[in-house]
Structures are given as C-alpha cells and as structure tokens.
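S.K.: Model the structure of this input:
(one chain, ligands or ions: 1)
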Amino acid sequence: MVLCPVIGKLLHKHVVLASASPRRQEILSNAGLRFEVVPSRFKEKLCKASFPTPSAYAVETAKQKALEVARRMHQKDLRAPDVVIGADTIVTIGGLILEKPVDKQDAYRMLSRLNGKEHSVFTGVAIVHCSDRDGRLHTEVLDFYEETTVKFSELSEELLREYIDSGEPMDKAGGYGIQALGGMLVEHVRGDFLNVVGFPLNHFCKKLAQLYCPPRPGDVRGAERDSIPAVDTFEDLSDLEGGGGSDPAWGGRGGRGGEEAGGAPPQAPGPRDADLNGAAEEKRPPFPTGLLELMEGFKASKALFTACKLNVFDVLRDQGPLKAVDIARKINASVCRTGRLLEACAALGLLHKTDAGYSNTEAADLHLVSDSAHSLHGLAVYNDSHVWDLFTHLDLAARDGAEQARGASGTKAERLFQSAETTLLFMRAMHGLSKLTARDVATAFDLSRFTSACDLGGCTGALAHELAREYPRLQVTVFDLPDVTEHARGFQPDGQRTEHVRFVPGDFFTDALPRAQLYVLSRVLHDWPDDRVHHLLSRISSCCEPGGGVLVAEAAAMEEEEAAAARRRGLQPLGALLLGAGRPRSARELGQLLQRHGFRDVRVAPAGDLLRVVLGTRAAP
Ligand SMILES: Cc1cn([C@H]2C[C@H](O)[C@@H](COP(=O)(O)OP(=O)(O)OP(=O)(O)O)O2)c(=O)[nH]c1=O
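M.R.: So this is what the prediction gives:
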C-alpha cells in the first residue's frame with residue numbers, strides 16, 4: 001500500500017486498538033491500518049491535580065488504557081498482541097481539564113465555559129509493544145501527545161441548548177464533536193484537526209517512522225527526524241520488521257506536541273525542523289502551560305481555603321444561588337473582594353455562576369461545606385492555618401533543617417496540642433480524611449476472624465466505627481493521646497454500634513497498649529523516623545498473640561506504581577522535610593518491617609486511590 005508506507009510496517013503484526021471510540025477506529029482504518037478493537041476497561045479517574053500538565057494526564061491515561069488491554073489479553077490467552085495502541089482526548093481551558101460530560105447540565109457547563117473563547121485539545125497516545133518472556137508479559141511504551149487550539153464563536157444559550165438536545169456532546173471530550181454538528185460552533189482551528197476528533201494521525205505516523213524506519217547512516221534525511229518519510233524513502237515496503245533497523249528506535253521529539261516523561265530521552269533537535277512539504281519553519285518550544293499552572297497553583301489553594309474559612313460553601317448550600325453582594329453580606333466581607341474570590345472559585349470549578357448568581361458545584365456540596373458526611377472543610381482550614389505557614393519555610397528547612405524552619409512554633413505535637421482550639425482543628429482535618437478512606441481500609445482484607453482490635457493513634461474513631469460497622473463481632477479500642485481522646489466525644493456518630501467502640505487515653509510509645517487480636521496503624525508510621533517505628537512495632541509484636549495481626553495503612557507506593565500515584569506521593573517527603581521526623585515508605589518496605597518484627601503471611605492490598613494496606617499475622621515466637 002504505497003500511500004501509507006509507515007502504516008504498512010504494522011500490517012503483519014497483531015495490532016490492537018484499546019479504544020471504544022468510533023472516531024479513532026475510523027481514522028486508523030481509513031489510514032489503512034488493520035487492527036482488532038478491544039476497548040480498555042481502565043477507569044479514567046487518575047488524580048488530575050497530581051500531573052504537572054494536562055498533556056501528562058492525557059498521556060498517562062492513554063498509557064494505562066493500552067497497558068490494561070495488553071495485560072488482560074496476555075492473561076487470557078497467555079499471548080499478548082504485538083502492539084497495543086491507546087489514546088485519550090481531553091479539552092483544557094483556564095487550567096481546567098474537561099472530559100466527557102456526565103449529563104446534559106454538565107455538557108451545558110462545559111460548552112458555556114468554551115463559549116467565545118480559545119481552548120486546547122490534547123490527545124495523549126501510547127504505542128505499547130508487547131512480548132512474552134518466559135510466560136511473563138514484557139512491554140515497551142512509546143508515548144506522545146499532540147495539542148490543537150480551537151476557538152469557539154460567541155454562541156447564544158438557545159443554540160447551546162439545541163446542540164445539547166441533539167445528543168452529540170455526550171460521548172465527547174469538552175462536550176462537542178468538531179467533525180459533525182459541533183463544527184458549527186468553531187471559528188477556527190490551529191493544528192491537527194484529527195487530533196481534536198480523537199487521534200493525531202500525522203504525529204502517530206512520524207512516531208512509527210522513527211520506530212520502524214530509522215534513518216540509515218549518511219542519509220541526508222537523517223536530520224529530519226520528525227517528518228514522515230516520503231514514499232520513495234522505502235525501497236522495500238513489504239519489509240515486515242522495519243527497514244534495516246533491528247530494534248525500534250524509541251524516543252524522538254514531536255512537532256507541536258512532545259514526549260512525556262517516562263519515554264526515552266529526547267533526541268537533540270536539529271537547528272530547524274522540516275514540515276511535510278520540506279519547508280523549514282522556526283522551532284518554538286512548547287508553551288509551558290503546566291509550569292505556569294504550578295507557579296500559580298498556590299493561589300488556587302489559597303482561594304479554596306479562604307472560601308472554606310469564610311463558610312461561602314455553607315451559605316450557598318443553604319441559600320444559593322446568591323449574588324456576590326448577598327454572599328458578602330452574609331459572610332461579613334467587602335463586596336468587591338468577595339466578588340473576586342467568588343470569580344476565582346467559579347474559575348476553579350468550585351462554584352457555578354449563572355444569571356441567578358453563584359451556587360455550589362456537586363463537589364463543593366459534597367466536600368467543602370462544613371457539616372456534610374464527606375466534608376473536607378476541616379482539612380482545608382487546617383491546611384490554611386497550619387500547613388500553609390509551615391511551607392513558607394521550606395527553603396529554611398532545605399538549607400538548615402527542620403528545627404530552624406519550625407522556629408518558635410515548636411514540634412508538630414507542641415503546635416497541635418497547644419490549645420483546645422488547635423487540637424480540634426487538627427482533629428477535624430483528620431476526621432474528614434479518615435472518613436474518606438475508612439471504608440476502603442476496613443474492607444481491603446477480610447478481618448472477620450478478629451473479635452478485638454486496637455486502633456493506635458485512631459484520633460476521632462472514624463476508622464474504628466467503620467471497622468465496627470463492617471465486622472459485627474468486633475470490639476474496637478481507639479488508643480490516642482489524652483489531648484485527643486478528651487475531644488473525641490464530639491465526633492461520635494449517632495446511632496448504632498457506638499457501644500462497640502471505646503476510647504483509651506495513652507501514648508503508644510510509653511504506655512501499656514490495650515490488649516487486642518488486631519493492631520491497626522492507619523497513617524501513623526509516615527510521621528516517625530525508623531528508630532521510633534521499630535520501637536513501636538516491637539511493642540505491638542510483644543503484645544500480639546500468635547495468630548493475631550497488624551494492619552498498616554499508608555499512602556505507600558506499590559512496586560509497579562502508576563506514574564500518577566507515584567507523583568502524588570512524591571510530595572510527601574516535603575512534609576517530612578519540614579517536620580523533620582518521618583518519611584513515606586513503600587508497600588514493600590512496610591511489609592519487610594512487619595516481617596522483621598515477627599509477622600508472617602504479609603499481604604498488601606490497595607485501599608481506594610490514596611492508601612495501601614499491609615496485613616501481617618503474628619507468628620509463634
Ligand atoms: C473534542 C472532540 C472529542 N471527540 C471525542 C474523541 C474521543 O472519542 C472522545 C474523548 O474521550 P476519550 O476518553 O479520549 O475516548 P473514548 O471514551 O471515546 O474511547 P476510549 O476511552 O475507549 O478510548 O471525544 C470528538 O469526537 N470530537 C471532538 O471534537
């Protein structure tokens with residue numbers, strides 16, 4: 001097939017497209033590629049905030065989609081395909097990532113945001129080469145992304161509503177399809193049109209050319225790494241394994257898009273790039289959107305914290321929608337400043353703004369009001385009043401150590417327990433976080449064989465109550481400092497099973513530990529250095545009867561951790577740097593610690609997005 005020499009290199013391989021998108025299937029089959037379609041089951045729910053750029057998010061999602069299919073196919077038939085292609089398309093505007101709308105209202109919100117403005121469409125692509133090595137799947141990933149800029153006209157509300165009623169937006173990123181009715185919304189496009197539709201064919205072909213047709217030594221075209229080779233570059237188009245090169249040439253830098261971290265190091269760009277027609281154009285570095293977002297990120301956090309502190313979300317939950325002037329009156333603040341804060345919250349996706357005024361988004365109703373079941377309001381207020389202040393001394397901590405950085409404010413315990421008010425602030429923050437993760441921790445393993453448990457450092461008892469709810473035979477003791485247990489009463493849920501949870505004051509480093517079959521350490525160990533952790537585990541080990549257990553929950557990385565989670569956990573050492581004490585540990589390291597202290601049959605399980613749980617059983621001494 002002369003028209004698609006590069007695509008031809010894949011003709012004799014078993015290629016799988018890990019996508020249900022009819023657009024991607026059409027683009028690739030129109031280009032002459034033969035492939036099997038196996039839609040990925042990877043849930044597109046990576047934490048967006050943990051990526052430095054929107055493109056990094058799209059690339060990681062594409063990679064995870066492809067790897068999920070490769071693993072599933074290998075597991076099923078013990079034979080993976082030769083190549084799996086994954087892709088993910090997102091729309092970004094003002095730092096927000098828009099994916100497929102969940103309902104008509106969501107589509108309306110997205111399209112209103114895009115109305116009259118320019119936005120970017122990123123498609124991340126992963127080309128995964130698979131091979132079988134002694135029954136184990138081996139993968140090599142090449143990934144890249146492409147960015148296209150799209151400008152919407154000024155559109156009337158009526159038109160947007162009519163467009164949404166057509167049903168077209170629902171399965172498309174950003175809520176529109178440029179290739180169909182949505183084309184009428186678009187004033188202009190800069191970049192690859194097919195990239196918007198879901199697959200950057202041109203960039204893909206360039207990557208294939210790098211992989212399968214590396215330039216021969218002395219080839220003058222060698223410098224033109226980014227161009228698709230002209231048809232006559234290939235003498236033998238039926239060459240199955242790639243024109244003369246044995247190994248695929250991983251790496252290389254894309255045109256408007258680029259490589260993501262995790263690929264091979266980029267090759268040094270030539271002084272000029274050549275476009276497909278051979279005309280030279282000035283190479284401009286990609287716009288550093290992600291970096292700029294990081295530079296400004298602290299303002300976004302502060303806006304969220306401040307709105308929480310001023311109870312904006314509480315007021316709007318109870319009385320919204322409200323105009324800025326009314327909100328200002330209710331929170332006792334200046335109208336002009338409140339207006340700006342509300343604008344910022346709307347831009348961050350925390351509030352909706354309509355003609356009727358501001359109202360909470362679903363996430364704000366769920367997590368940012370102060371008294372909801374899943375409230376993180378306490379965490380926001382604690383971060384604002386304690387953690388924010390601590391992080392302003394990060395430079396001092398890096399240079400002179402944690403002591404200097406903490407200065408007069410004292411150790412963590414001294415600061416947290418200096419007054420009932422600060423203790424409660426801390427407890428509210430921990431309560432919100434624990435409630436968010438308690439169910440996942442309680443159910444990561446079947447703990448029904450235990451009838452007594454002791455949650456060491458169990459704070460408000462959020463996890464203890466979840467354990468008692470999940471395992472009706474279980475009696476749970478929460479063991480925490482007297483400053484904490486004294487205030488725990490105010491956090492107890494109404495109703496059932498509270499009689500199965502009791503609070504005992506004490507210090508787990510010095511006081512006798514309550515007897516229990518199962519000891520729980522949830523988000524405790526990362527606060528302590530190795531010597532303290534050993535001391536604590538040896539105390540637990542000597543109290544624990546053979547057959548008893550220890551359950552450790554931490555934001556610990558797994559071995560083959562997806563990059564997103566690894567990045568998210570990558571910020572933890574900063575906290576340790578400032579507090580000068582603990583450190584994050586991997587799941588494997590936690591398992592080894594338990595083994596060292598006499599626990600066997602150590603197993604690890606994920607607990608939701610954030611935590612890993614490690615369970616060990618006390619062996620007979
Ligand atoms: C912006 C835009 C997106 N889209 C589509 C491309 C993608 O199919 C979709 C974005 O969602 P994706 O999550 O990238 O893909 P998908 O869910 O359709 O398929 P899969 O996850 O199985 O790979 O939006 C258009 O068709 N036209 C457009 O103008």
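
S.K.: drop to CA atoms for contacts and neighbour counts, all remaining ones
M.R.: Fine.

S.K.: Strands of the stretch 1-150 of the chain, start to end?
M.R.: 15-17, 36-37, 83-93, 96-98, 118-133, 136-152 (DSSP state E, counting those that start in this stretch).

S.K.: Any idea how many residues pack against Ser166?
M.R.: Ser166 has 11 neighbouring residues, counting by other Cα atoms under 10 Å.

S.K.: Need the winner for burial among the strands of the stretch 1-150 of the chain.
M.R.: strand 83-93 (a mean of 26; mean count of other Cα atoms under 10 Å).

S.K.: follow-up on the earlier one: would TSV of the strands of the stretch 1-150 of the chain with distance to the ligand and mean pLDDT be doable?
M.R.: Shown next, in TSV, are the strands of the stretch 1-150 of the chain (distance: least, Cα to the nearest ligand atom, whole Å; pLDDT from 0 to 100):
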stretch	distance to the ligand	mean pLDDT
strand 15-17	8	95
strand 36-37	10	92
strand 83-93	3	97
strand 96-98	9	94
strand 118-133	6	94
strand 136-152	9	94
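
S.K.: Out of those strands, which gets nearest to Ser301?
M.R.: strand 96-98 (14.3 Å; Cα to Cα).

S.K.: Can you tell me what sits against the closest one?
M.R.: Contact with strand 96-98 is made by 48, 54, 90-92, 110, 173-174, 348-349, as judged by Cα atoms under 8 Å, 6 or more residues apart in numbering.

S.K.: so how far is that strand off the chain centroid?
M.R.: Computed by Cα atoms, centre = their mean, to the nearest Å, the chain-centroid distance of strand 96-98 equals 13 Å.

S.K.: go on, stretch 446-455?
M.R.: Using Cα atoms, centre = their mean, the offset of stretch 446-455 from its chain centre is 31 Å.

S.K.: buried stuff in it?
M.R.: Applying a neighbour-count criterion of 16 or more other Cα atoms under 10 Å, one finds 447, 450-455 buried in stretch 446-455.

S.K.: Between the two ends of it, how far is it?
M.R.: This stretch, stretch 446-455, spans 17 Å end to end (Cα to Cα, to the nearest Å).

S.K.: for the record, mean pLDDT for that stretch?
M.R.: Mean pLDDT, computed over stretch 446-455, is 97.

S.K.: what residues does it touch?
M.R.: 464, 471, 473-479, 514-522, 548.

S.K.: And Phe35, how far from the ligand?
M.R.: 14 Å (Cα to the nearest ligand atom, to the nearest Å).

S.K.: Got the confidence number for that residue?
M.R.: At Phe35, the model reports a pLDDT of 91.

S.K.: Nearest residue to it in space, ignoring adjacent ones along the chain?
M.R.: Val15 (4.8 Å; Cα to Cα, 6 or more residues apart in numbering).

S.K.: Spell out which parts of the stretch 301-450 of the chain neighbour the ligand.
M.R.: By Cα under 6 Å from any ligand atom, no residue of the stretch 301-450 of the chain approaches the ligand.

S.K.: hmm, back to that, mind listing which of the contacts of strand 96-98 are in helices?
M.R.: 54, 110 (DSSP state H).

S.K.: for the contacts of strand 96-98, which one is nearest Thr123?
M.R.: Out of the contacts of strand 96-98, the member with the shortest distance to Thr123 (by Cα to Cα) is Ile90, at 6.4 Å.

S.K.: So which of the contacts of stretch 446-455 belong to helices?
M.R.: Per DSSP H, the contacts of stretch 446-455 map to helices at Ala464.

S.K.: Go through the contacts of stretch 446-455 and flag which are in strands.
M.R.: 475-479, 518-522 (DSSP state E).

S.K.: could you dump those residues to JSON lines with pLDDT, neighbour count and distance to Ser542?
M.R.: Formatted as JSON lines, those follow (pLDDT from 0 to 100; neighbours: other Cα atoms under 10 Å; distance: Cα to Cα, whole Å):
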{"residue": "Gln475", "pLDDT": "97", "neighbour count": "22", "distance to Ser542": "21"}
{"residue": "Val476", "pLDDT": "97", "neighbour count": "28", "distance to Ser542": "19"}
{"residue": "Thr477", "pLDDT": "98", "neighbour count": "24", "distance to Ser542": "18"}
{"residue": "Val478", "pLDDT": "98", "neighbour count": "28", "distance to Ser542": "19"}
{"residue": "Phe479", "pLDDT": "98", "neighbour count": "24", "distance to Ser542": "17"}
{"residue": "Leu518", "pLDDT": "98", "neighbour count": "27", "distance to Ser542": "13"}
{"residue": "Tyr519", "pLDDT": "98", "neighbour count": "27", "distance to Ser542": "12"}
{"residue": "Val520", "pLDDT": "98", "neighbour count": "25", "distance to Ser542": "15"}
{"residue": "Leu521", "pLDDT": "98", "neighbour count": "19", "distance to Ser542": "16"}
{"residue": "Ser522", "pLDDT": "96", "neighbour count": "24", "distance to Ser542": "19"}
